[in-house]
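Sequence and predicted model, in that order:
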Amino acid sequence: MNENLIKKKYKNKIKSLDYYNQKYYNENISEISDSNYDILKKEIIELEKKYSFLKSKKSPQIQVGYKPSKNFRKVPHKVPMLSLANAFGKEDLRNFEKKILNFLDKKENFKIEYSAEPKIDGISASLTYRGGKFSMGLSRGDGKEGEDITENLKTIKDIPQLISKKDFPQDIDIRGEVFIQNSDFKKIKDKFANPRNAASGSLRQKNPNDSKKIPLRFIAYTFGYEKGMNIKYQSEFLKKLKEWGFKVNPINKILCGVDSLMSNYQEVEKKREKLDFDIDGIVYKVNNFETQKRLGNISNAPRWAIAHKFSANNGISKIVDIDIQIGRTGALTPVGKIDPINIGGVVVSNATLHNEDEIVRKDIRINDEVIVERAGDVIPHIISVNFDKRGKNSKKFIFPKKCPSCGSKTVKDFNYLTKKEDSVRRCSSEGFECEKVSIEKIKHFVSKDAFNIDGFGKKIVEKFWDLKLIRLPQDIFNLNYDNIETLDGWGRQSVNNLKFSIEERKKISFERFIYALGIRHIGLENARLIAKFLNSSKNFIMLSKNKNFSELLNIDGIGETQVNSIRNFFSNNTNIKIINKLYETLDINDAVQIKKDGVFANKTFMITGKLNGVSRAEVKSLIEKNSGTTVSSVSKKLSYLLVGEKPTKRKVVTAKDLNILIINQEEFFKMLNK
Ligand code: IVH
């Protein structure tokens, strides 16, 4: 065959392949059987191997799937993609179950049924199906907003493109994990550290060349938004997923009681090595959807599920030195520098020593031989010292009484609740006066749950700090981009991307704004409570002026510790300047009140005494879901005092004096059901 004829034959085959790809990935039409499609691909590849002059951008050796998108558009998840709390042992599981029983106001012997599912270590994705057709696929992103990776997901064979089963919901987001099987990973292991990285890189690749030949898999396990689904249990849902054409985990189980959870855990852990995919624990979910709904979420994790992580891996090493790290709250954390060791495939060279007391309690000294533990994503730590190996060169560590960064005195707070001194020693400077604290505060400010500025990671904060480009959070919104463009490793495109991410985040929710300030004791949940109570950032600024901090004590969940911390924060001039400047620069959205027109709109409740068959936490969440608020003290502003068994007499008397409506549990539920 002459060269021209070969080229023609090759071109025709490429054209056919492109046609089938286009039909399959864009129109969801399969015009060729899987085996014939594979034969066609093989023929093309064989021709390319035999004749080096054959080249095409559309070669199956280059292109995976059909035109994976280059820029990922951000799309909000209709229902947020939550994360899971971790459990590391039986005690954590007991606590998990206890909290559930308390919330539901059930006795200890009440049986909760769980769906136990191996936790695949991959990348989660949410697949939207409309009328049975796979119409959009999003990555998890920050849980609220994902990236549109539809085209990349369409290249995964385990993801059905069209589902025509009658009972498949009209509109549903199917969620699960994208991963790479270990046997497939072996073929590409030189390019990636582990299968998870390979899957992540491949799924989010902007250039299809990067992921060629990497077969991704998908296992489904939950759903987000849904319309028209009539399923009552997770176990039933998993069964349906299978019928609808999804792959589900082959070792899912239904179990009751912490003891059976533990024995299943041990069984699966033994099997772990033999599985063809990496799992890093077991996820337990309350099986009944109605109960899941009642339990709801705490911040960004459900109350009804937990991830039981596999036991840690240990290793023996030597403490070479002890460094002090300074956190954003000024906490001094000792970190053991150890001789690098490989624990479960990860090289570990640092281990946290937690705090001063921990070093004394475990008697850890420089040059000691130690046992190091690494569990899941948690920072490795020292379990114990091998005292029989202690030599003459072992050296006690003197904890610094002055901050290594700014020289201020280091202090231990007195905890009025426990009536004890804190075990953590802190830099006594006020935040932005200490260099290391400032850097950590800015890292927190840009972090995922705060401003979530894409491409502004910890390393960039450090670099920009060194270059004196940033000193305070507001500097982020006034960067000199021309200057940055001239820096090593930066170019027009990367600067534009950074500028875009920063501009995009000038619009921010009130709760994220509060959280981003990094006020001690004000985590995500407390920031949310304060935002909801104050409603707008204007009121936050007012608070900084009128200093009426005790009004925050009305928030159920906020106590003296938090209020004192806020008072401290506002007593510092730099902090005041920061919030004023940010308030000027940013567009801070008012707090989202869950539902403004619920039956309890503008009503405040206070609960006293024991309720029957329902926990206080659940009543509180019912009030909030119906636009009401719960407060923690009786005042004129209170609408209802909900009284259970054995109430605090003083509260009832005060409420009567103030002419506040006193209701019992029955009356409360009547109001709710009206
Ligand atoms: S359920 C609220 N089920 O674990 C429910 N997640 O740490 C959250 N994961 O982002 C998801 N296997 O990537 C669920 N059977 C399973 C899972 C699973 C793995 C991952 C998922 C999630 C992460 C949470």
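Arrived safely.

packing partners for the longest strand anywhere in the chain?
When every strand of the chain is counted residue by residue (DSSP state E), the longest turns out to be strand 313-326. In terms of contacts (3 or more C-beta pairs under 8 Å, 6 or more residues apart in numbering; DSSP states H and E), strand 313-326 is packed against strand 332-343, strand 346-352, strand 369-374, helix 435-446. Every residue, glycine included, has its C-beta placed from N, CA and C.

Strand 346-352 and that one, what's the angle between them?
50 degrees (axes from the mean of the first three to the mean of the last three C-alpha atoms, to 10 degrees).

coming back round to it: would you mind finding the most buried of the helices and strands packed on strand 313-326?
Each of the helices and strands packed on strand 313-326 was scored by mean neighbour count; the highest is helix 435-446, a mean of 22, by mean count of other C-beta atoms under 10 Å.

by how many degrees do the helix or strand that that helix is followed by and helix 435-446 diverge?
Moving toward the C-terminus from helix 435-446, the next helix or strand (DSSP states H and E) is helix 458-466. Between the axes of helix 458-466 and helix 435-446, defined by the same axes, to 10 degrees, the angle is 130 degrees.

Can you tell me the closest non-neighbouring residue to I453?
Spatial nearest neighbour of I453, chain neighbours left out: V446 (4.5 Å); criterion: C-beta to C-beta, 6 or more residues apart in numbering.

now E504
Distances taken as C-beta to C-beta, 6+ apart place D454 nearest to E504, at 7.9 Å, with adjacent residues excluded.

Against the ligand, how distant is the one you found?
19 Å (C-beta to the nearest ligand atom, to the nearest Å).

What of Q170?
Remark: distance between Q170 and the ligand (C-beta to the nearest ligand atom) = 23 Å.

Kindly report the same for G559.
28 Å.

what does V248 give?
9 Å.

I'd assumed S494 was in contact with the residue nearest to E504.
No: with contacts defined as C-beta atoms under 8 Å, D454 does not count as touching S494, sitting 11.5 Å away.

Could you pull out the helices in the stretch 451-600 of the chain for me?
In the stretch 451-600 of the chain, the helices defined using DSSP state H, counting those that start in this stretch lie at 458-466, 481-485, 492-504, 510-516, 524-534, 537-546, 560-570, 573-585.

Of these, which stretch is the most buried?
Of the helices of the stretch 451-600 of the chain, the one with the most neighbours on average (mean count of other C-beta under 10 Å) is helix 510-516, at a mean of 23.

So for that helix, mean pLDDT?
The predicted model assigns helix 510-516 a mean pLDDT of 96.

Around the ligand, which positions in this protein sit nearby?
Within the chain, the positions near the ligand by C-beta under 6 Å from any ligand atom are 82-84, 117, 119-120, 124, 140, 177, 221-222, 283, 302, 305, 307.

Make a PyMOL selection of the buried ones in those.
Buried subset of the residues of the chain next to the ligand, written as a PyMOL selection, criterion 16 or more other C-beta atoms under 10 Å:
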select buried, resi 82+84+117+119+120+124+140+177+221+222+283+302+305+307
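
what's the one residue in the stretch 151-300 of the chain that gets nearest to the ligand in contact with, if anything?
The ligand sits closest to Y221 of the stretch 151-300 of the chain, with a gap of 3.7 Å, by C-beta to the nearest ligand atom. Residues near Y221 by C-beta atoms under 8 Å, 6 or more residues apart in numbering: E117, R175, G176, E177, L238, L241, V248, N249, V283.

Over to the second one. Which of the three states is it?
It refers to R175. Under DSSP: H, G, I helix; E, B strand; the rest coil, R175 falls in the strand class.

For it, the count of nearby residues, please.
R175 is flanked by 19 other residues according to other C-beta atoms under 10 Å.

can you list contacts of stretch 476-483?
Contacts for stretch 476-483 (C-beta under 8 Å, 6+ apart): 442, 445-446, 451, 453, 456, 464, 469-470, 495, 498-499, 502, 506, 585-586.

run the last query once more with 10 Å
Stretch 476-483 is contacted by residues 442, 445-446, 451, 453, 456, 461, 464, 467, 469-470, 472, 486, 490, 492, 495-496, 498-499, 502-503, 505-506, 581-582, 584-586 when judged by C-beta atoms under 10 Å, 6 or more residues apart in numbering.

related to what we said a few turns ago, let's have the contacts of Y221 in JSON lines, adding pLDDT.
Converted to JSON lines, those look like this (pLDDT from 0 to 100):
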{"residue": "E117", "pLDDT": "97"}
{"residue": "R175", "pLDDT": "98"}
{"residue": "G176", "pLDDT": "98"}
{"residue": "E177", "pLDDT": "97"}
{"residue": "L238", "pLDDT": "98"}
{"residue": "L241", "pLDDT": "98"}
{"residue": "V248", "pLDDT": "97"}
{"residue": "N249", "pLDDT": "95"}
{"residue": "V283", "pLDDT": "98"}
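
Can you name the two of those residues that sit furthest apart?
L241 and V283 (15.0 Å; C-beta to C-beta).

Where does pLDDT dip in the stretch 101-250 of the chain?
Applying pLDDT under 70 to the stretch 101-250 of the chain flags the ranges 190-193, 205-213.
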